[in-house]
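**Student:** Mind looking at a prediction? Sequence and model below.
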Amino acid sequence: MSVHSSAVIASGAQVPASCTVGPFCTIGPEVLLGENCTLISHVVLDGRTRIGARNVFYPFCSVGVAPQDLKYRGEPTETILGDDNTIRESVTISRGTVGGGGATRIGSNCLLMTCAHVGHDSQIGDHCILANAATLAGHVTIEDYVTLGAFCPVHQHCVIGRYAFIGGGTIVTQDVLPFSLTSARRENKAFGINKIGLERRGFAPDRLNALQKAFRVLLSSKQNTAQALEKLRGMENEDVAELVAFVQRSERGVIR
């Protein structure tokens with residue numbers, strides 16, 4: 001194990017020999033690190049934190065710290081990270097709370113850029129990007145392959161659907177449609193499908209065409225949500241069915 005002499009690893013922490021722990025890092029007694037993780041310097045890993053393999057932590061990030069919730073009284077809650085994540089400078093990830101399910105989770109292959117914040121009990125899927133200073137309040141759910149732009153605050157209990165792209169500076173106070181391009185340009189609204197992102201993820205032209213037709217129906221100002229959903233149910237397509245199901249189960253309403 002490569003551990004700098006200034007690093008502090010508490011008794012009870014599990015740090016495999018394949019890990020690298022740089023200067024002035026601190027690892028708490030209930031931290032479980034996976035193989036081949038790298039802590040560059042000044043990293044804080046705290047609380048009941050389980051981390052997968054090959055994660056890289058940049059200077060001054062804090063993972064598993066106590067939640068910014070006045071109701072929290074030191075209960076034994078968790079932070080869970082998957083594999084191959086990159087956690088950049090000054091990122092903060094709070095552990096869960098009893099009232100929110102007890103765990104904050106981040107999947108695998110995610111990039112959290114400088115100063116991003118993941119609030120307590122938030123759930124992030126795989127292959128997600130949180131750009132600089134994107135901030136998640138507590139209880140936010142982000143599904144797979146989502147890109148959240150710089151300086152985007154997300155309200156508590158919002159859900160961001162798969163493959164969504166949210167432009168920088170967008171204030172998210174309602175659920176974000178899967179496959180969508182949503183932006184604060186002029187006003188917060190969905191502008192259609194995330195075509196470039198979907199093409200990069202291998203979506204065939206027929207899938208893109210079906211989604212474009214569905215979004216034209218859903219975003220049309222000539223009909224309300226119920227009317228649009230009724231029309232979409234007649235379109236036999238797995239992606240469209242996912243879009244319909246997302247809108248139906250939304251509790252905060254969706255950005256249209």
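**Tutor:** That came through, no problem.

**Student:** So Ala214 belongs to a helix, correct?
**Tutor:** Yes. When DSSP: H, G, I helix; E, B strand; the rest coil is applied, Ala214 is found to be in a helix.

**Student:** List the residues that contact it.
**Tutor:** Leu232, Met235, Asn237, Asp239, Val240, Leu243 (C-beta atoms under 8 Å, 6 or more residues apart in numbering). Quick note: C-beta positions are derived from backbone N, CA and C, even for glycine.

**Student:** residue closest to the middle of this structure?
**Tutor:** Of all residues in the chain, the one closest to the mean position by C-alpha atoms, centre = their mean is Ile124, 3.5 Å from it.

**Student:** that older thread, most widely separated two among the contacts of Ala214?
**Tutor:** Leu232 and Asp239 (10.8 Å; C-beta to C-beta).

**Student:** care to break the protein down by domain?
**Tutor:** Per automatic domain parsing, the structural domains of the chain span 2-142, 198-249.

**Student:** how long is the first one end to end?
**Tutor:** So that's domain 2-142. Chord length of domain 2-142, first to last residue, is 34 Å (C-alpha to C-alpha, to the nearest Å).

**Student:** The last one now?
**Tutor:** Across domain 198-249, the straight-line distance between its terminal residues is 23 Å, by C-alpha to C-alpha.

**Student:** to the chain's geometric centre, what's the distance from that domain?
**Tutor:** Chain-centre distance of domain 198-249: 23 Å, with C-alpha atoms, centre = their mean, to the nearest Å.

**Student:** Also stretch 66-84?
**Tutor:** 15 Å.

**Student:** what packs against the helix or strand bottoming out on mean pLDDT in the chain?
**Tutor:** The weakest-scoring helix or strand in the chain, judged by mean pLDDT, DSSP states H and E, is strand 189-193 (a mean of 86). In this structure, strand 189-193 packs against strand 180-183, helix 205-218, with contacts taken as 3 or more C-beta pairs under 8 Å, 6 or more residues apart in numbering; DSSP states H and E.
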